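Q: Any chance you can model this:
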Amino acid sequence: MGKNQLGEFEEVVLLTVAILQDEAYGIAIIDEMGKRLNRKVSIGSLQTVLRRLEKKGFLDSELGEATKVRGGKRKRFFTLTNLGKRTLEETKKQRLALWSAIPSFVNN
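A: Numbers count the residues shown, from 1 in each chain. The predicted structure is shown next:
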């Protein structure tokens with residue numbers, strides 16, 4: 001896979017962004033990972049990974065509208081790029097190939 005290789009946390013973040021679609025912003029991503037994976041993630045570590053994934057071309061982001069609820073702060077929403085989608089598909093194929101290569105006695 002080379003330059004498009006994902007670390008485990010990067011993969012989880014990309015998958016979570018894909019799940020949330022148009023609602024993928026920091027706190028929503030953290031909440032979704034907590035709900036689905038029972039995994040606690042700090043906002044700082046998430047922001048670092050989101051920036052790295054955007055720099056690699058796997059994610060795009062844009063600022064939403066300011067709201068009174070957030071004290072006028074705008075949310076940054078993330079979406080998968082075509083490269084991000086292709087990389088997730090490639091990663092999935094690799095994982096499935098590994099799982100299918102496990103001898104049957106391991107699955108019993």
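Q: And the strands in the protein?
A: Along the chain, the segments classed as strands by DSSP state E run 59-66, 74-80.
Q: Which pLDDT value belongs to residue 28?
A: pLDDT recorded at residue 28 is 95.
Q: and the nearest residue to it once chain neighbours are set aside, what is it in contact with?
A: Spatially, and ignoring its direct neighbours in sequence, residue 28 is nearest to residue 20 (5.7 Å; C-beta to C-beta, 6 or more residues apart in numbering). Backbone N, C-alpha and C define where each C-beta goes, glycine included. Applying C-beta atoms under 8 Å, 6 or more residues apart in numbering to residue 20 gives the contacts 28, 29, 32.
Q: try 10 Å
A: The contact partners of residue 20, taken as C-beta atoms under 10 Å, 6 or more residues apart in numbering, are 28, 29, 31, 32, 77, 78, 79.
Q: rewinding a little: please identify the most buried of the strands of the chain.
A: By mean neighbour count, with neighbours taken as mean count of other C-beta atoms under 10 Å, strand 74-80 ranks first of the strands of the chain at a mean of 18.
Q: Among the strands of the chain, which comes closest to residue 52?
A: Nearest to residue 52 among the strands of the chain is strand 59-66 (9.3 Å), distances taken as C-beta to C-beta.
Q: where does the chain have its least confident helix or strand?
A: One helix or strand of the chain scores below all others by mean pLDDT, DSSP states H and E: helix 104-107, with a mean of 63.
Q: number of nearby residues for residue 84?
A: The number of residues packed near residue 84 is 23, by other C-beta atoms under 10 Å.
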